[in-house]
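**Q** Fold the following, please.
(one chain, ligands or ions: 1)
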Amino acid sequence: MLCTAALVLALITACDSTDPPQRAATSPPATSATPTSPVTSPSTSPTPSRAAQQTFQARAAQRTVDFLAGQIGPREATSAAYRRAATWVEQRLAALGYDVERQQFRAPNGVSWGVPVGAGSTWNVVARPPSLREGEPYLIAGAHLDTVPQAPGAEDNASGVAVVLELARLVAAGDSRLPVVFVAFGAEEPRGPGDDDHHFGSTAMVSRLSAAERQSLRGMVSLDRVGVGRVVPICTGGRGPTDVQRELVQAARRVDVPSRACNDNRASDHWSFEKAGLPAARLGSTPYAAYHSTRDRPAVVNPAQLRRSGTVMWEWMSR
Ligand SMILES: [Zn+2]
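**A** Modelled structure (predicted):
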């Protein structure tokens, strides 16, 4: 009996220290009328009434920001904190029914935003719908999970990961126009000054795409800093095709979200895809004072902007 009590206490303590307040993956918000039957496959077809419930939950996204930036904190790509965050994201995506792969690669040593960092192993979390076949048209929605060493990374980029997880829930529970592969990228942040000194996770992913996977990719979006401001930036690096950017701008118009297009943004994971000639764009990048600092805490992120970004993405994916 004592033993059982101790075990229960240990479990409660462990949950307190490692889990967010609520796991949206398994516990839909109380306000939602989502049926209680568990969702096991992203390819599950919705009934119309269920589809009507398919809206972006900004509060669920904000809870992810609170957990990643408020509880875990700085997540440099080779750190124990990054591994903890990535494991948590894996569990969230697996619980939604995705096939989750740990895509390992090496991040080199260097200097990240003024702080020396060592070389080490890290990984992307890649979640595929189980029904996706190679050569079938698909989309990628990704967000980098790592931070510079000194920043808790609420806006940069727990915001992007939070929106990606909420989109993964929507796609798993409903219908998207194409299958979507969701990615939490490792080692996006710079480890030196050059164009080859950042975006290591997305570079690794692009290098491992088969010819058929490149051919059938219909669009990749990097969600990076999507919780600050009132207007949603929709950008490319100015080299690749602009189809995805155009589609996102049109989606924003349809859902009445103010957006602004730019074609000079090479500072996120879309650039790895664009350099390879693949259709890609970046959502987000509004400047803010706490950028790459210890002040990039959850309060910086505005749930209303998470909602705007998420609503544009969901419109792009579902229509
Ligand atoms: Zn970033």
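**Q** And the strands in the stretch 201-319 of the chain?
**A** 217-223, 232-235, 259-262, 280-283 (DSSP state E, counting those that start in this stretch).
**Q** which of those sits most buried?
**A** Ranked by mean neighbour count, the strands of the stretch 201-319 of the chain are led by strand 280-283 with a mean of 31 (mean count of other Cβ atoms under 10 Å). C-beta here means a position set from N, CA and C on the backbone, and glycine is covered the same way.
**Q** Need the contact partners of that one.
**A** Applying Cβ atoms under 8 Å, 6 or more residues apart in numbering, the contact partners of strand 280-283 are 219-224, 226, 232-236, 240, 242, 244-245, 248, 265, 268-271, 273-274, 309, 312-313.
**Q** run the last query once more with 7 Å
**A** Applying Cβ atoms under 7 Å, 6 or more residues apart in numbering, the contact partners of strand 280-283 are 220-224, 226, 232, 234-236, 240, 244-245, 248, 265, 268, 270, 273-274, 309, 312-313.
**Q** What of stretch 243-251?
**A** 219, 221, 234, 236, 259, 261, 279-281, 283, 312, 315-316.
**Q** Please repeat the previous calculation with a cut-off of 10 Å.
**A** Among residues not part of stretch 243-251, those counted as contacts by Cβ atoms under 10 Å, 6 or more residues apart in numbering are 139, 218-221, 232, 234-236, 242, 257, 259-263, 270, 273-274, 278-283, 311-319.
**Q** How about the residues of the stretch 151-300 of the chain by the ion?
**A** 156, 157, 224 (Cβ under 5 Å from the ion).
**Q** so what's the residue lying closest to the first one once chain neighbours are set aside up against?
**A** Of all residues beyond its chain neighbours, the one nearest residue 156 is residue 225 (5.2 Å), with distances taken as Cβ to Cβ, 6 or more residues apart in numbering. Residues counted as contacts of residue 225 (Cβ under 10 Å, 6+ apart) are 143-144, 153-157, 159-160, 233, 267-268, 282-288, 291, 296, 301, 305, 309.
**Q** What does the pLDDT read for residue 225?
**A** Looking at residue 225, its pLDDT stands at 98.
**Q** Shouldn't residue 106 be within a strand?
**A** Yes: assessed with DSSP: H, G, I helix; E, B strand; the rest coil, residue 106 lies in a strand.
**Q** isn't it right up against residue 187?
**A** Yes: between residue 106 and residue 187 there is a contact at 9.0 Å, judged by Cβ atoms under 10 Å.
**Q** shared neighbours, these two?
**A** With Cβ under 10 Å, 6+ apart as the test, residue 106 and residue 187 both reach 78, 120, 122, 200, 204.
**Q** I'd say the second one and residue 200 touch.
**A** No: shown here, residue 120 and residue 200 do not form a contact pair, counting by Cβ under 10 Å, at 11.0 Å.
**Q** Touching both of the two, which residues are there?
**A** 77, 106, 107, 108, 187.
**Q** can you pull the pLDDT of the residue lying closest to the fourth one once chain neighbours are set aside?
**A** Yep, that's residue 108 we're talking about. Spatial nearest neighbour of residue 108, excluding adjacent residues (Cβ to Cβ, 6+ apart): residue 119 at 5.1 Å. For residue 119, the model assigns a pLDDT of 97.
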